[in-house]
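J.: return atomic coordinates for the entry below.
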Amino acid sequence: MPWNDNAGGGGGGPWGSGGGRKDDNNPWGRGPGGGRGRGPGGEPDLEDLIRNLQDRLRGLFGGGKGKGGKGGGIGIGVIAAGLLAVWVGATGWYIVAPNEAGVVLRFGEYDRTTTPGFKLKLPYPIEQVRLPEVTTTQSVQIGSDQRGVTMLTEDENIVDLGFTVQWRVKYGPDFPDGVRNYLFNVRDVDGAVRAVAESAMREVVGTTALEPIITQGRVEVSQRTRQLMQEVLDEYEAGVQILNVNLQRAQAPEQVIDAFRDVDAAAQDAERMRLEATAYANSVIPQARGEAARLIQSAQGYRESVIAEAQGQADRFVAIYQEYAQAPEVTRRRMYLETMERVLGGSELIILDQQGGAVPYLPLDRLGRDRVLPDQTTSGSNTGGR
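T.: Numbering: from 1, shown residues only. Coordinates of the predicted model:
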């Protein structure tokens, strides 16, 4: 050995002096060749080394050197039992918070999922526990408020979108393998949700025109995107439940935003005018219908009155005819006199008696016009006196 090469000067190796010199400080003892615990060539004997090591361990743990080493065995057993108790007490239990689920791995393989509370398990490294949060709602933002992601619509227009996806781990009686899939099937869950969200939104936008996306069709776009995302993640067995997709930003690119705003304003004006026309129609149509009903009722009343009057005239004629049939001459004269009274009753008559000596050149047509009733003359004079 290298430490035995020094011939003189008492130079010994790290285990004591060489040359067969007695050295009580040699930890390996002396062998048959002059050194305690050494073999024929002066090297330490392996059996003696092991025996000396056991003796020293017994002495270290309080054991004696009695026959069979029974005292040392008891000390080692007590120490081993204490270490085992400490090991089990430190790693044989765990606590699951209310918002967590306990996933127990046995030798690195999934074994079971536990509910919140104080739980026991086999000590480490036999069983390990992971505590993912299963009731916390996670959020992924796609696009910012200032600038979103650009996508192509069905009518070959470009739309600028920004939306948020809310999700959480599938957990509960309806999803027995949800937590397991969440931990072991997808390495980067946030990245997977982000990629699936953008892909699903592009598919939905690619089958929708621009106008519904930026106006009244946002809710439908969000619902279709959420449904498509859930289907894809279920195929991946990612253990993720999509709660909601909020479409926060949907507008045309900044380069053409003014033109789209004008189009939007025109559409709003058209809608306003349509509503005004509808309101006007709702006010005019009932009025016209009422006027038509009034005219119809008036015509019906006139018809009834004319029929009644004609019926009365007919009845009167029949009554006169009956009287005429009984006394023709009297009835004829009475009818003549009544007719003449009705015809001449409203005209001015000037009866001239030729025997009275009327002058033929008098303005007879003005006699009736210049004649004033006495009552009118008196009334006029009284009024003038006032």
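J.: so what secondary structure elements neighbour the lengthiest helix in the chain?
T.: Secondary structure of the chain per DSSP state H: the longest helix is helix 257-326. Of the remaining helices and strands, those touching helix 257-326 by 3 or more Cβ pairs under 8 Å, 6 or more residues apart in numbering; DSSP states H and E are helix 210-214, helix 328-344. (C-beta placed from N, C-alpha, C; glycine too.)
J.: export the ones you listed to CSV and tack on mean pLDDT?
T.: Below are the helices and strands packed on helix 257-326 laid out as CSV (pLDDT from 0 to 100):
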stretch, mean pLDDT
helix 210-214, 86
helix 328-344, 84
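J.: grab the nearest non-local neighbour of Ala209.
T.: Asp155 (4.7 Å; Cβ to Cβ, 6 or more residues apart in numbering).
J.: let me know the secondary structure of that neighbour.
T.: coil (DSSP: H, G, I helix; E, B strand; the rest coil).
J.: so how far is Ala267 from it?
T.: 15 Å (Cβ to Cβ, to the nearest Å).
J.: neighbour count: the two, which is higher?
T.: Ala267 (12 against 9; other Cβ atoms under 10 Å).
J.: any chance of the helices and strands packed on helix 257-326 in JSON lines, with mean neighbour count and distance to Tyr302 too?
T.: Converted to JSON lines, these look like this (neighbours: other Cβ atoms under 10 Å; distance: least, Cβ to Cβ, whole Å):
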{"stretch": "helix 210-214", "mean neighbour count": "20", "distance to Tyr302": "57"}
{"stretch": "helix 328-344", "mean neighbour count": "11", "distance to Tyr302": "26"}
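J.: dump those helices into JSON lines; add distance to Val186 as well.
T.: Listed next are the helices and strands packed on helix 257-326 as JSON lines, based on distance: least, Cβ to Cβ, whole Å:
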{"stretch": "helix 210-214", "distance to Val186": "30"}
{"stretch": "helix 328-344", "distance to Val186": "113"}
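J.: pop the domain breakdown of this protein in here.
T.: For the chain, automatic domain parsing gives the domain ranges 2-85, 93-130, 138-252.
J.: now, of those, which is deepest in the fold?
T.: Among these, ranked by average contacts under mean count of other Cβ atoms under 10 Å, first place goes to domain 138-252 (a mean of 17).
J.: so how far is that domain off the chain centroid?
T.: In terms of Cα atoms, centre = their mean, to the nearest Å, the centre of domain 138-252 is set 12 Å apart from its chain centre.
J.: if we can go back for a sec, for Arg130, find the nearest of the helices and strands packed on helix 257-326.
T.: Arg130 lies closest, by Cβ to Cβ, to one member of these: helix 210-214, at 41.3 Å.
J.: the closest one packs against which elements?
T.: Helix 210-214 makes packing contacts with strand 158-169, helix 218-236, strand 240-251, helix 257-326 when contacts are defined by 3+ Cβ pairs under 8 Å, 6+ apart.
J.: with distance to Val149 as new columns, can those be given to me in TSV?
T.: Compiled in TSV, the helices and strands packed on helix 210-214 are given as follows (distance: least, Cβ to Cβ, whole Å):
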stretch	distance to Val149
strand 158-169	6
helix 218-236	13
strand 240-251	9
helix 257-326	16
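J.: which ones are touching Ala259?
T.: By Cβ atoms under 8 Å, 6 or more residues apart in numbering, the contact list for Ala259 reads Ala252.
J.: who touches Gly102 in this structure?
T.: 94, 96, 113-116, 119, 129-131.
J.: what about 7 Å?
T.: When contacts are counted by Cβ atoms under 7 Å, 6 or more residues apart in numbering, Gly102 touches 94, 96, 113-114, 119, 129, 131.
J.: quick check, nearest of those residues to Gly345?
T.: Out of the contacts of Gly102, the member with the shortest distance to Gly345 (by Cβ to Cβ) is Thr113, at 119.3 Å.
J.: you'd agree that closest one is in a strand?
T.: Yes. Going by three-state DSSP, the assignment for Thr113 places it inside a strand.
J.: pretty sure it contacts Ala101?
T.: Yes. Applying Cβ atoms under 7 Å, one finds Thr113 in contact with Ala101, separated by 5.8 Å.
J.: between the two, what contacts are shared?
T.: Shared contacts of Thr113 and Ala101, counting by Cβ under 7 Å, 6+ apart, come down to Val179.
J.: quick check: Glu304 vs Gln313, distance?
T.: Applying Cβ to Cβ to Glu304 and Gln313 gives a distance of 15 Å.
J.: actually Ala81, not the one I wrote
T.: For Ala81, the distance to Gln313 - Cβ to Cβ - is 137 Å.
J.: on that earlier part again, would TSV of the helices and strands packed on helix 210-214 with mean pLDDT and distance to Glu198 be doable?
T.: As requested, the helices and strands packed on helix 210-214 are exported to TSV (pLDDT from 0 to 100; distance: least, Cβ to Cβ, whole Å):
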stretch	mean pLDDT	distance to Glu198
strand 158-169	92	9
helix 218-236	94	10
strand 240-251	91	11
helix 257-326	88	22
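J.: residue boundaries of the strands in the stretch 51-200 of the chain?
T.: Listed in chain order, the strands of the stretch 51-200 of the chain (DSSP state E, counting those that start in this stretch) span 93-96, 102-106, 109-114, 117-120, 127-130, 138-142, 149-152, 158-169.
J.: now these in TSV, with distance to Thr331?
T.: Output for these, formatted as TSV (distance: least, Cβ to Cβ, whole Å):
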stretch	distance to Thr331
strand 93-96	124
strand 102-106	125
strand 109-114	122
strand 117-120	124
strand 127-130	128
strand 138-142	109
strand 149-152	104
strand 158-169	100
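J.: I am finished for the moment; much appreciated.
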